[in-house]
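J.: have a look; sequence and predicted model below, questions after that.
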Amino acid sequence: MSTLSTYREIKADILGRIQAQEWPLGSRLPAETELAAHYGSARATVSRAMRELADDGIVERRRKTGTRVRLSPVRQARFGIPIVRSEIEEAGAVYRYALVRSQVVVPPDFLRARMSLPEKAEVRHVVCMHFADGNPYQFEDRWISLLAVPDARTADFTEISPNEWLVRQVPFTRAEISFSAADATEQQAQHLDCNPGDALFCIERQTEWETRAVTFVRMVYRRGHRMTTRY
């Protein structure tokens, strides 16, 4: 019996034993109660370690058959929600934000269906621009559910972007992200200094808190934008 007090220590030990082939690919791991006794820790601590190993794609947990080492460990790319200001400043550029327009409206049909909003719901619609060293960087077109975030009704988006405000104010439990090439609209072309119809990189993201949609945003980037992620 060993005594490991934190889930991080237990996670590291289990991972080390898997890598050392003590538990080879496809093998079943001991039950959490057995591991808790082995490590001299609470079962909840072991459970958290196992949950993180499952999230990392190392093991697979099933209610009736227990936990097994994955035959093909999964590498998962994880996307946080970046603050555009930080993204630009970390690249060594000077950030500037500009509000284009903002209003409280009844959502259009496509948005009400997408966000599962009731018929009389209202949303805050904010359109804004982000600049890097004075050059257009991102055109942000965002809808915020006032059912999920009532404080957004009176939030002042003249000095702070809705992206920055939401990241700092509202947690999320689920996000759906889509990447595509989109033809620039007349409005986007005007703000991004390109021609209407130019193919631009577009990200659409919807975030939720528990079962309630918080916001849907379409972010369109200047021509030549490159997105890099590491995992």
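T.: On my side now, so go ahead.

J.: what residues go with each domain of the protein?
T.: Domain segmentation of the chain under automatic domain parsing yields 7-69, 84-221.

J.: ok, of the ones you listed, where does mean pLDDT dip lowest?
T.: When those are compared on average pLDDT, domain 7-69 comes out lowest at a mean of 89.

J.: determine how far the last residue of that one lies from the first.
T.: By C-alpha to C-alpha, to the nearest Å, the extent of domain 7-69 from end to end equals 18 Å.

J.: over to Glu208. Which of the three states is it?
T.: Counting by DSSP: H, G, I helix; E, B strand; the rest coil, the backbone at Glu208 sits in strand.

J.: mind pulling up the phi and psi values for the nearest residue to it once chain neighbours are set aside?
T.: Leaving aside its sequence neighbours, Glu208 sits nearest to Arg174 (C-beta to C-beta, 6 or more residues apart in numbering; 4.5 Å). All C-beta spots, glycine's among them, are computed from the backbone N, C-alpha and C. Here the main-chain torsion angles of Arg174 (degrees, to the nearest 10) amount to phi -150, psi 140.

J.: isn't Arg174 up against Thr207?
T.: Yes. At 7.1 Å, Arg174 counts as touching Thr207 under the criterion of C-beta atoms under 8 Å.

J.: please say which of these two ends up with more neighbours.
T.: Thr207 (21 against 12; other C-beta atoms under 10 Å).

J.: the more buried one reaches Phe172, doesn't it?
T.: Yes. Between Thr207 and Phe172 a contact is recorded at 4.1 Å, counting by C-beta under 8 Å.

J.: which neighbours do Arg174 and Thr207 share?
T.: Taking C-beta atoms under 8 Å, 6 or more residues apart in numbering as the contact criterion, no residue touches both Arg174 and Thr207.

J.: quick check, Arg61 in a helix?
T.: No. With three-state DSSP as the criterion, Arg61 is located in strand rather than a helix.

J.: what sits in contact with each of Thr207 and Phe172?
T.: In the contact map built from C-beta under 8 Å, 6+ apart, the residues linked to both Thr207 and Phe172 are 81, 214.

J.: strands of this structure, start to end?
T.: Assigned by DSSP state E, the chain shows strands spanning 59-62, 66-69, 95-105, 123-132, 135-145, 174-183, 199-209, 212-221.

J.: CA atoms only for the fourth one - export them in CSV, please.
T.: Translated: strand 123-132. In CSV, the C-alpha atoms belonging to strand 123-132 read as follows (Å, rounded to 0.1, in the frame of the first residue of the first chain):
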residue,chain,number,x,y,z
VAL,A,123,-31.6,39.1,-26.9
ARG,A,124,-28.8,41.7,-26.9
HIS,A,125,-27.4,42.0,-30.4
VAL,A,126,-23.9,43.5,-30.5
VAL,A,127,-21.8,44.1,-33.5
CYS,A,128,-18.2,45.2,-32.9
MET,A,129,-14.7,45.3,-34.3
HIS,A,130,-11.3,44.3,-33.0
PHE,A,131,-8.1,45.9,-34.3
ALA,A,132,-4.4,44.9,-34.1
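
J.: partner strands of that strand, with direction?
T.: The strands beside strand 123-132 in its sheet (DSSP bridges) come out as strand 95-105 (antiparallel), strand 135-145 (antiparallel).

J.: likewise the first one?
T.: According to DSSP bridges, the neighbouring strands of strand 59-62, each with its direction, are strand 66-69 (antiparallel).
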